[in-house]
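>>> got a predicted structure here, sequence first:
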Amino acid sequence: MTKLIAMKGMTALPRNCFECNFIDDSGQYCYIRGDTLVPNIWCTDIKGIEETMRVLKSGRHKDCPLIEIEDGEKNG
């Protein structure tokens, strides 16, 4: 059986990483995953950074561990 946790006051998943309470103020670090979502800001691959930022603004990161379940729904 999978155990689940709930966050008080969180009624829905964030639409994208920048609306998430678990991202740092710079928008680069995810506290849940424990790593950087955007490559080093000093990286010379500006187009790669811009593309990553565009993807993060359009939806949640592909490896986001947050999932949405309905009240009473069984997971697994």
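Cool, got the structure.

>>> for the rest of this, base every contact and every neighbour count on C-alpha atoms.
Will do.

>>> may I see the buried residues of the lowest-mean-pLDDT helix or strand in the chain?
One helix or strand of the chain scores below all others by mean pLDDT, DSSP states H and E: helix 46-58, with a mean of 72. Burial within helix 46-58, assessed by neighbour count using 16 or more other C-alpha atoms under 10 Å, is assigned to 49, 52-53, 56-57.

>>> backbone dihedrals for the residue nearest to I23 when sequence neighbours are not counted, please?
Leaving aside its sequence neighbours, I23 sits nearest to C30 (C-alpha to C-alpha, 6 or more residues apart in numbering; 4.6 Å). Its backbone dihedrals place C30 at phi -100, psi 120, with angles given as degrees, to the nearest 10.

>>> ok, the closest residue to H61 other than its chain neighbours to K3 distance?
Here the nearest residue to H61 in space, its sequence neighbours aside, is C17; by C-alpha to C-alpha, 6+ apart that works out to 6.7 Å. The gap separating C17 from K3 is 24 Å, by C-alpha to C-alpha, to the nearest Å.

>>> these two - which one has more neighbours?
Neighbours were counted for C17 and for K3 using other C-alpha atoms under 10 Å; C17 has more, 25 against 6.

>>> quick one: the most centrally placed residue in the chain from E50, how far?
The centroid of the chain falls nearest to C17 when counting by C-alpha atoms, centre = their mean (4.3 Å). To E50, C17 is 15 Å away according to C-alpha to C-alpha.

>>> what about R15, how many neighbours?
Residues near R15, counting by other C-alpha under 10 Å, number 13.

>>> and for G59, the neighbour number?
Counted with other C-alpha under 10 Å, G59 comes out at 14.

>>> OK, contacts around V55?
Residues near V55 by C-alpha atoms under 8 Å, 6 or more residues apart in numbering: H61.

>>> residues making contact with stretch 16-35?
The set of residues external to stretch 16-35 that reach it, using C-alpha under 8 Å, 6+ apart, is 14, 36-38, 56-61, 64-65.

>>> for that stretch, output the C-alpha coordinates as CSV.
As requested, C-alpha coordinates have been extracted for stretch 16-35 and formatted as CSV (Å, rounded to 0.1, in the frame of the first residue of the first chain):
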residue,chain,number,x,y,z
ASN,A,16,3.5,25.3,-13.7
CYS,A,17,6.8,25.3,-11.7
PHE,A,18,6.7,29.1,-11.2
GLU,A,19,3.3,28.9,-9.4
CYS,A,20,4.6,26.1,-7.1
ASN,A,21,5.4,26.8,-3.4
PHE,A,22,8.3,24.4,-3.6
ILE,A,23,10.4,26.4,-6.0
ASP,A,24,13.0,28.9,-4.8
ASP,A,25,12.7,32.7,-5.5
SER,A,26,15.0,32.4,-8.5
GLY,A,27,12.8,29.9,-10.2
GLN,A,28,15.7,27.5,-10.6
TYR,A,29,15.7,25.1,-7.7
CYS,A,30,13.0,22.6,-6.7
TYR,A,31,12.9,21.9,-3.0
ILE,A,32,10.9,18.6,-3.5
ARG,A,33,13.2,17.1,-6.1
GLY,A,34,16.3,18.6,-4.4
ASP,A,35,17.9,19.8,-7.6
